[in-house]
Each structure stands twice: as structure tokens, then as C-alpha cells.
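J.: Generate coordinates for the sequence data below:
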Amino acid sequence: MNDRLGPMGRIWNLYKKGGLSSAVASMIDSKSAQQVAFIRSAMKMQRQSSPLDVPLDQLQAVVFDLETTGFRPHSGDEIISFGAVAVAGRQINEERTYHSLVNPNRPIPPEIEKLTGITDRMAREAPPLIAVLGQFFEFVQRDVLIAHGSGHDKQFLNAALWKTSKIRLTHRVLDTMMVAKWLHPDMKSHDLDSLLDAYEVPVTRRHDALEDSIMTAKLWVKMIDRIKERRVVTLGDLYMYLSR
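T.: Reported below is the predicted structural model:
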């Protein structure tokens, strides 16, 4: 899967020392309790770090993508796939990736199966959400998250974190769509396909969480030079311009 995943036994100590409420702990088995404790600890640690002064060409980031059963997590739609790739400045490490299907405990709509290639049988055999969330955040660690059209992904991540761990996402998230709108206000569309074409990033396989992550990462590293041409150097500088 990747070389960033490691043992979570130390997190189990948090659980034993009261890192989880008894109400939550009583509802889950010990392995799930370890995963919940890890997620809660990761979110707490993330609040203590600030990458705003880091130059973009030195930024440690994870570019990620989710596939879901639909667009409304609060109406029953669920995550069915995570994909992610590590990026250090302009360097994409395609050997350091994370990918997993997720069991959504609900049928895959026919249009989503056609779009993603993920079938009901594949989903039923996939690990539960809490296990995949734990693996994903152990992969991410404290890195900045990058996604294209991140509103969708943040909405589902927050719903998943709250449902499993009663916590919200604390990682900083950078949206390549918002960056593109700032860099190219005259483009008719800022969807991923249009930008991959504009930046001459080869399309491999769309609506596959890992492949979309890698293509978005390639788009991001090409954007860095365009951003620096505007004398925007750090992540904090970029956030300031995007907020205008």
C-alpha cells in the first residue's frame, strides 16, 4: 500500500488512559477503538502545527481524492474509495501512495458503478470506514491536504470523522480549483478535465481515486511556477490571495 503506514499500538495507550469517552468505547471493538483514538489524536496534533510560512516549493502535502455514492453525506451518501499521493515541493512520489475501497454499507448506485467501476461486490469486501480513515490519516500525518473541488471531499471527510470519531477535520486544505480560478479567471471552466488539458497533464483513468490524485498532483506542481510568477511564495501568501 505505502511505506508511511506503521503500527498504531502506541495509540491504544491513549484509549486505555481515557482518550475516548466510555460511551464511544462501549460501542466499538478494541481495534476500532485504536483507530478512533489515533484519528482524534491526529486532529489534535494537527491544530498545533502551522505551515503558513513554508514556501510552496518546499511544502509537504498529500494530494487526495474520494469517490462517493453521491453528493449528500447527510442524506445517506457514503465514501467508497480513498486515493492519495505524497508531494514534497515540486516532487511527486508516486511510490508513496495510499488507495483503498471502503464498505459503504449500502448499495452502489448504477450510475456510480458505471462511473467508477466499483461494484457492490467489491464494496462489500472492502474494509469499514473507520479502518480506512485511520490508515488515511496515518498516511497524511501533519501534511497539508490538496484536492480539486475540495468542498465535496471536505464535506464527506467531516461527515465521516464526526460519525466515527466525533471530531472535525483540522488539516489545512488547499483547493486546486480555487487556485485555477485565481490564476485563470478567463477560463470558461475550471473542472479537472479542462485544467489537465490546459496544463498538458496526460489523462490516465478518471474517477479512480488514486489516478485522479496523481493527475491532480501533476497539475499542482505545474501550478507552482505560475503562482511564483505572481510573487506569491508561501502557503500563507497563497491563502491571502485566494481569500480576496
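
J.: CA atoms for contacts and neighbours, from now on please.
T.: Fine.

J.: dump the residue contacts of Leu126.
T.: Careful, residue 126 is Ala and not Leu. Contacts were defined as CA atoms under 8 Å, 6 or more residues apart in numbering; by that measure Ala126 touches Ser100, Leu101, Val102, Asn103.

J.: The second one and Ala180, how far apart?
T.: Distance, Leu101 to Ala180, by CA to CA, to the nearest Å: 29 Å.

J.: just the helices in this structure please.
T.: Counting by DSSP state H, the chain has helices at residues 9-16, 22-25, 30-46, 110-116, 120-124, 129-140, 150-165, 176-183, 192-198, 209-229, 235-242.

J.: Leaving out chain neighbours, which residue sits closest to the spatially most central residue of the chain?
T.: A centroid search over the chain (CA atoms, centre = their mean) returns Phe64, at 4.0 Å, as the residue closest to the centre. Nearest residue to Phe64 in three dimensions, chain neighbours excluded: Ala84, at 4.1 Å (CA to CA, 6 or more residues apart in numbering).

J.: if I pick that neighbour, what's in contact with it?
T.: Remark: with contacts taken as CA under 8 Å, 6+ apart, Ala84 is in contact with Val62, Val63, Phe64, Asp65, Thr97, Tyr98, His99, Ala209, Leu210, Ser213, Ile214.

J.: Among these, name the buried ones.
T.: Buried residues within those, defined by neighbour count using 16 or more other CA atoms under 10 Å: Val62, Val63, Phe64, Asp65, Thr97, Tyr98, His99, Ala209, Leu210, Ser213, Ile214.

J.: Go ahead and confirm the last one touches Ala86.
T.: No. The pair formed by Ile214 and Ala86 falls short of the contact definition of CA atoms under 8 Å, at 9.1 Å.

J.: Any chance you could list residues touching both of those two?
T.: Taking CA under 8 Å, 6+ apart as the contact definition, Ile214 and Ala86 share the neighbouring residues Val63, Glu94.

J.: Below-threshold pLDDT in this protein: ranges please.
T.: Counting by pLDDT under 70, the chain contains low-confidence residues at 1-31, 45-49.

J.: hmm, 50 instead?
T.: When the per-residue scores of the chain are filtered using pLDDT under 50, the ranges that remain are 3, 5-28.

J.: what's the spacing between Ala126 and Asn103?
T.: Using CA to CA, one gets 5 Å for the distance from Ala126 to Asn103.

J.: Please spell out which residues along stretch 87-95 are buried.
T.: Residues Val87, Ala88, Gly89, Arg90, Ile92 are the ones in stretch 87-95 that count as buried (16+ other CA under 10 Å).

J.: Contacts for it, please.
T.: Identification of contacts with stretch 87-95 by CA under 8 Å, 6+ apart yields 2, 56-63, 85-86, 214, 217-218, 221-222, 224.

J.: please redo it, this time with the cut-off set to 10 Å
T.: Contact with stretch 87-95 is made by 1-3, 54-63, 84-86, 96-97, 143-144, 146, 214, 217-218, 220-225, as judged by CA atoms under 10 Å, 6 or more residues apart in numbering.

J.: Which among those residues count as buried?
T.: With neighbours counted by 16+ other CA under 10 Å, those contain buried members at 54-57, 59-63, 84-86, 96-97, 143-144, 146, 214, 217-218, 220-221, 223-225.

J.: residues near Gly117, how many?
T.: With neighbours defined by other CA atoms under 10 Å, the count for Gly117 comes to 13.

J.: how about stretch 223-232: buried residues?
T.: Buried residues in stretch 223-232, defined by neighbour count with 16+ other CA under 10 Å: Met223, Ile224, Asp225, Ile227, Val232.

J.: Same question for stretch 166-180.
T.: 167-169, 171-180.

J.: With stretch 66-77 instead?
T.: Under the neighbour-count rule (16+ other CA under 10 Å), stretch 66-77 has Leu66, Glu67, Thr68, Thr69, Gly70, Phe71, Pro73, Asp77 buried.
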